[in-house]
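K.L.:
quick check, what structure comes out for this input:
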Amino acid sequence: MATKGCIVRRGGTYSVVLSLGRDPSTGKRVQKWYGGHRTRQEAERHLADLLRQLASGGFLPPARESTAAYLHRWLEASRPRLSPKTAERYGELIDQAIAPRIGSLPLRELRPLHLQSLYRILLESGRLRGKGGLSAQTVLGVHRLLHRALAQAVQDRLLAVNPADAVVAPRPRRAEQPVLDEEGLALLLHSLEGTRLWTPALLAATTGLRRGELLALRWDDVDFQAGALTVCRSLEQTRQGLRFKEPKTRSSRRRISLPGLAIEALLRHRAEQARERLRLGAAYRDNGLVFAEADGRPVEPDPFSAAFHDAAARLGFPRVHLHTLRHTHASQLLRGGVSVTEVSKRLGHATPLVTLTVYAHVLRGEDVEAARLVDRRLRAALAETRKGCRRPAPRQPEQAARPPPGGSPP
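P.N.:
The predicted structure is shown next:
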């Protein structure tokens, strides 16, 4: 939302007019007037001060500013602190889910009841195209956005309390992620041999890399001598194009050991890529990427995922996506006895608690196996004890000697 200002002379004084764009829910222009300046220079200084306040987030808007206008203003001020992908997603939620329903409501009149009603409507009939509601996960995203934006409104003294604090947020039911067994994984990988999907799919299945980490990998990140790779960036797709970014958390930046199968595949892939580079000559755009288009350009993540999903569906795995390879890798490690802490480090999770939460269904199976293991070992130990030892006769309790009548004990 563009913000402009101008100076208007009214009678013998000058007024500053601040244009805050249009209210997205009503289409009406939002303006704020500041009058009473005796000279034009005084008005210009006031206008410059207001624009500085607005740029720094310290501007106090009109008391009747709508919720939608505030959310758009908050998003613009927050963009430097958000990734482009997150800012895009916030803008979509504001425009498509929030503004059409509570956007025209004045910010200072927003109450918990309005938010609770909004969430209910979104869950029941929130889809823009077709019938039905939004997922609980999406509505939870709406709640988190509102909570964050309204917390800033409280900090800026636009609201006394945050209405989102008193609202029960939707709790999505965490669905168990599909995983492939060894036979299914081998069948899928075998079907991809000879295609551009083979090596990245194999690497994802043997390292658990996320899609963005996989497509941002450079040859400088691969240490063939040590048999390891380093994750230090990610590739994301935005409306403005592809963008390399730093890992979201410190734990996402990590070093991963490679199995021999992955090292062999990477060496063959590097040789084939070198042949492609020679064939194209000056037309090849060398970005040093491990996985790139035929001319060296970065691979677009969404079409890449779609191609993998289509290949899996043709084999009879309609629910298998590229991220399934990450889940499969983690499940194999946990079932193989690798500690949760080590699996968490390999996946780049913030804490082992995240790993426990996501892969609880795998660990439930391990719990049953643990009980069986205890049962087998304890039964065997008891059997050996019974075989080698004779059961002792129960001891009778000793009775204290009674003193003779009329006398003292000896």
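K.L.:
switch to C-alpha atoms for all contacts and neighbour counts from now on
P.N.:
Will do.
K.L.:
what residues sit buried inside the helix or strand that contains Asp302?
P.N.:
Assigned by DSSP states H and E, Asp302 belongs to helix 301-314. Residues 301, 305, 308-309, 311-312 are the ones in helix 301-314 that count as buried (16 or more other C-alpha atoms under 10 Å).
K.L.:
over to stretch 70-78?
P.N.:
Under 16+ other C-alpha under 10 Å, the buried positions of stretch 70-78 are 70-76.
K.L.:
stretch 171-185 too?
P.N.:
In terms of neighbour count (16+ other C-alpha under 10 Å), stretch 171-185 has its buried residues at 179-180, 185.
K.L.:
strands of the stretch 251-400 of the chain, start to end?
P.N.:
Under the criterion DSSP state E, counting those that start in this stretch, the stretch 251-400 of the chain carries strands at the ranges 254-257.
K.L.:
which stretches of it have low pLDDT?
P.N.:
361-370, 373, 389-400 (pLDDT under 70).
K.L.:
can you name every helix or strand that the helix holding Asp302 contacts?
P.N.:
Secondary-structure packing of helix 301-314 (3 or more C-alpha pairs under 8 Å, 6 or more residues apart in numbering; DSSP states H and E): helix 211-215, strand 234-238, helix 322-335.
K.L.:
and the second one, what does it pack onto?
P.N.:
What that stands for is strand 234-238. Applying 3+ C-alpha pairs under 8 Å, 6+ apart, we find strand 234-238 packed against helix 84-93, helix 211-215, strand 241-245, helix 301-314.
K.L.:
one more time with 6 Å
P.N.:
Packing partners of strand 234-238 (3 or more C-alpha pairs under 6 Å, 6 or more residues apart in numbering; DSSP states H and E): helix 211-215, strand 241-245.
K.L.:
nearest to Phe317, out of those?
P.N.:
When the helices and strands packed on strand 234-238 are compared by C-alpha to C-alpha, helix 211-215 sits nearest Phe317, at 19.0 Å.
K.L.:
picking that back up, out of the buried residues of stretch 70-78, who's nearest Ala201?
P.N.:
Leu75 (37.1 Å).
K.L.:
just want the angle from the strand or helix carrying that closest one to helix 84-93.
P.N.:
Element membership for Leu75, per DSSP H and E: helix 67-78. Helix 67-78 runs at 170 degrees relative to helix 84-93, counting by axes from the mean of the first three to the mean of the last three C-alpha atoms, to 10 degrees.
K.L.:
starting at the chain centroid, how far to helix 67-78?
P.N.:
Here helix 67-78 is found 23 Å from its chain centre; the criterion is C-alpha atoms, centre = their mean, to the nearest Å.
K.L.:
only C-alpha atoms, please: export that helix in CSV.
P.N.:
Taking Å, rounded to 0.1, in the frame of the first residue of the first chain, the C-alpha atoms of helix 67-78 are listed here in CSV:
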residue,chain,number,x,y,z
THR,A,67,-8.3,-4.2,10.3
ALA,A,68,-7.4,-4.9,6.7
ALA,A,69,-5.6,-1.5,6.3
TYR,A,70,-3.7,-2.1,9.5
LEU,A,71,-2.7,-5.6,8.5
HIS,A,72,-1.4,-4.4,5.1
ARG,A,73,0.5,-1.6,6.8
TRP,A,74,2.0,-4.0,9.3
LEU,A,75,3.0,-6.4,6.5
GLU,A,76,4.8,-3.7,4.6
ALA,A,77,6.7,-2.6,7.7
SER,A,78,7.6,-6.3,8.5
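K.L.:
tell me how far stretch 279-297 is from the chain's mean position?
P.N.:
30 Å.
K.L.:
for that stretch, C-alpha coordinates in PDB please.
P.N.:
Extracted in PDB, the C-alpha atoms of stretch 279-297 (Å, rounded to 0.1, in the frame of the first residue of the first chain):
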ATOM      1  CA  ARG A 279      28.500 -29.900 -25.400                       C
ATOM      2  CA  LEU A 280      26.900 -26.500 -24.700                       C
ATOM      3  CA  GLY A 281      30.100 -24.500 -24.500                       C
ATOM      4  CA  ALA A 282      29.600 -20.800 -23.800                       C
ATOM      5  CA  ALA A 283      25.800 -21.400 -23.600                       C
ATOM      6  CA  TYR A 284      26.200 -23.300 -20.300                       C
ATOM      7  CA  ARG A 285      25.600 -21.200 -17.200                       C
ATOM      8  CA  ASP A 286      27.900 -22.600 -14.600                       C
ATOM      9  CA  ASN A 287      26.500 -21.900 -11.200                       C
ATOM     10  CA  GLY A 288      28.500 -24.700  -9.500                       C
ATOM     11  CA  LEU A 289      25.200 -26.500  -8.700                       C
ATOM     12  CA  VAL A 290      25.100 -30.300  -8.200                       C
ATOM     13  CA  PHE A 291      21.600 -30.500  -9.600                       C
ATOM     14  CA  ALA A 292      20.800 -28.100 -12.400                       C
ATOM     15  CA  GLU A 293      19.000 -27.800 -15.700                       C
ATOM     16  CA  ALA A 294      20.800 -29.000 -18.800                       C
ATOM     17  CA  ASP A 295      22.200 -25.500 -19.400                       C
ATOM     18  CA  GLY A 296      23.300 -25.000 -15.800                       C
ATOM     19  CA  ARG A 297      20.400 -22.900 -14.500                       C
END
